[in-house]
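Here's my sequence, what's the structure:
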Amino acid sequence: MWVPKDQEAPTYPAGFQVLKWRWIVERTLAWLNFNRRLSKDFELLPTTSETWIYIAMSRLMLRRLAKAKS
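Okay, here's the model as predicted:
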């Protein structure tokens, strides 16, 4: 890492460290990849991609609610 001469190099923790809440983000991205349209970036506008993410998560929530009532 490049550091200016007048600054001290930062210290990094040694070994593996679990990042808090990382598994939630990774699991959510895995759920989104079940939707074929979201597996690649086909959309031109970011708002369109955001809309498809809302649709995908709505489908997931509806499926879970339907399963919970059965």
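
Okay, and I24 sits in which element?
helix 22-33 (DSSP states H and E).

how far does whichever strand or helix holds R63 sit from the chain's center?
Taking DSSP H and E as the definition, one finds R63 inside helix 46-69. Relative to its parent chain, helix 46-69 has a centroid offset of 15 Å by Cα atoms, centre = their mean, to the nearest Å.

Okay, angle between it and helix 22-33 too, please.
Per axes from the mean of the first three to the mean of the last three Cα atoms, to 10 degrees, the angle that helix 46-69 makes with helix 22-33 is 100 degrees.

which residues touch helix 46-69?
By Cβ atoms under 8 Å, 6 or more residues apart in numbering, the list of residues contacting helix 46-69 from outside reads W31, L32, F34, N35, R37, L38, D41, E43. To be clear about C-beta, it is placed using only N, CA and C from the backbone, and glycine gets the same treatment.

now stretch 19-33
Residues contacting stretch 19-33 (Cβ under 8 Å, 6+ apart): L38, S39, I53, A56, M57, L60.

buried subset of the residues you listed?
L38, A56 (16 or more other Cβ atoms under 10 Å).

Tabulate the contacts of stretch 19-33 (a markdown table), appending distance to T11.
As requested, the contacts of stretch 19-33 are exported to a markdown table (distance: Cβ to Cβ, whole Å):
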| residue | distance to T11 |
| --- | --- |
| L38 | 39 |
| S39 | 40 |
| I53 | 38 |
| A56 | 41 |
| M57 | 39 |
| L60 | 41 |
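
Just name the closest of the contacts of stretch 19-33 to K5, please.
Among these, I53 lies closest to K5 (Cβ to Cβ), at 45.6 Å.

Below-threshold pLDDT in the protein: ranges please.
1 (pLDDT under 70).

redo that, cut-off 90
1-5, 7-46, 48-49, 67-70 (pLDDT under 90).

Give me the distance between the two termini of stretch 38-52.
With Cα to Cα, to the nearest Å applied, stretch 38-52 spans 7 Å between its terminal residues.

do the same with stretch 36-48
Where stretch 36-48 begins and where it ends lie 15 Å apart, using Cα to Cα.

Likewise for stretch 35-45?
End to end - Cα to Cα - stretch 35-45 spans 18 Å.

Appreciated, that's everything.
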